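# could you look at this predicted model? Sequence included:
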Amino acid sequence: MKMKAFKVAVPYTLPICVGFLFLGMSYGFLMRSKGFSFVYPMLMSMFIFAGSMEFVTVNLLLSAFNPVYTFFLTLMVNARHLFYGISMLEKYKNTGWKKPYLIYGMCDESFSINCTVTLPPDVDRGWFMLFVTLLNQIYWVTGSTLGALLGYVIHFDTTGIEFVMTALFVVMFINQWEEAEDHRSALTGLGCSVVCLILFGSQNFILPAMALIILCFTLTRKKKTKEEAVS
C-alpha cells in the first residue's frame with residue numbers, strides 16, 4: 001500500500017522538483033551572499049518550509065530584532081494557508097499520525113496536488129498525500145542546501161534574485177488559466193487583489209484581498225446553490 005502510493009505520488013511531484021531545486025538554489029545563493037553558513041538555509045527550509053517567507057527572513061535576520069513586526073509580516077505573507085487549511089479539513093480526516101505532518105508541510109504545490117488529484121481506488125489517499133508533502137519538502141531542502149554550498153565557490157551579483165518566487169506564481173497562474181475553461185475564479189482573485197492593492201498599498205493588501213476573495217466565492221457559491229435548488 002505504501003509503495004503503491006509512493007509510485008503514484010512521484011510523477012506528480014517531478015515538475016515541482018525542477019522548480020523547487022532552482023528556487024531553493026536561488027535562496028541558498030542569496031543566504032550565502034549575505035554571509036550566512038549553509039546550515040541556516042538548510043535548517044530554515046526544514047523548519048519554516050515557506051519559500052516566500054524564507055526569502056523575506058533574509059532581511060529580517062539582518063535587521064533590528066522586532067518580533068511583533070515579524071509576526072504580522074509572517075501572517076500577511078502566509079495568510080493564504082489559513083484558507084488552504086480550511087479546505088483540506090475533510091481530506092485530512094482519518095489520516096492518523098500523518099495528519100500533523102500534512103498540516104505542517106502543506107505548501108502551495110502540495111496543496112494543489114493533494115486537493116485536485118483523483119486517485120485510483122487501490123491507492124491510499126493518506127499515504128499519497130504524505131509522500132507528496134514529504135517529497136516536495138525534500139526537493140526544497142536539497143535545493144536550498146545545494147545552493148548555499150555552491151555559494152562558497154561560485155560568486156555573482158544576486159540583485160533581484162528574490163523575484164524568482166513572483167515568477168513562479170505568475171507561471172502557475174498562466175498554466176491554470178490555460179487549462180481552465182471558466183476564468184471567473186481567476187478574474188475574481190485578480191480583481192480583489194487589485195482593489196485591495198490600491199486601497200491598502202503593497203505592504204498591507206494581502207489579508208484584505210484574501211478576505212475579499214473568500215467573501216466573493218462564498219456569495220457566489222450561495223447564489224449557485226440557490227439556483228440549483230430552484231432548478
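That came through, no problem.
# what about Cys17, helix or strand, and which?
Per DSSP states H and E: Cys17 is located in helix 2-33.
# sorry, slip of the keys, the one I care about is Leu61.
helix 51-62.
# which residues touch the following helix or strand past that helix?
Downstream of helix 51-62, the first helix or strand assigned by DSSP H and E is helix 67-77. The contact list for helix 67-77, computed with Cβ atoms under 8 Å, 6 or more residues apart in numbering, reads 50, 52-53, 56, 60, 204, 206-207. Every residue, glycine included, has its C-beta placed from N, CA and C.
# let me see the contact set for the closest residue to Ala50 other than its chain neighbours.
Setting aside the residues directly before and after it, Ala50 is nearest to Asn78 in space (Cβ to Cβ, 6 or more residues apart in numbering), at 5.6 Å. Contact partners of Asn78, counting by Cβ under 8 Å, 6+ apart, are 50, 52-53.
# quick one: least confident helix or strand in the protein?
Ranking every helix and strand in the chain by mean pLDDT, DSSP states H and E puts helix 163-179 at the bottom, with a mean of 70.
# immediately after that one, which helix or strand?
Taking DSSP H and E as the definition, the helix or strand right after helix 163-179 is helix 184-200.
# narrow the contacts of Asn78 to those that are buried.
50, 52-53 (16 or more other Cβ atoms under 10 Å).
# mind picking the lowest-pLDDT entry from those?
Least confident entry in the buried ones among the contacts of Asn78, by pLDDT: Ser52, with 79.
# what's the neighbour count on Val77?
A count of neighbours around Val77, defined by other Cβ atoms under 10 Å, yields 16.
# check the one 3 residues further on too.
Arg80 is flanked by 17 other residues according to other Cβ under 10 Å.
# before we move on, what about Ala79?
Neighbours of Ala79 using other Cβ under 10 Å come to 16.
# the one 3 residues further on too?
Using other Cβ under 10 Å, the number of residues around Leu82 comes to 12.
# could you do Leu212 as well?
19.
# check contacts around Asn204.
Contacts of Asn204 (Cβ under 8 Å, 6+ apart): Met76.
# next, name the residue at the spatial heart of the chain.
In the chain, the centroid-proximal residue (Cα atoms, centre = their mean) is Asp108; its distance is 2.8 Å.
# for Ala180, what are phi and psi?
Phi and psi for Ala180, reported as degrees, to the nearest 10, are phi -90, psi 140.
# ok, the closest residue to it other than its chain neighbours to Ile213 distance?
Nearest residue to Ala180 in three dimensions, chain neighbours excluded: Ala186, at 7.1 Å (Cβ to Cβ, 6+ apart). From Ala186 across to Ile213, the span is 11 Å (Cβ to Cβ, to the nearest Å).
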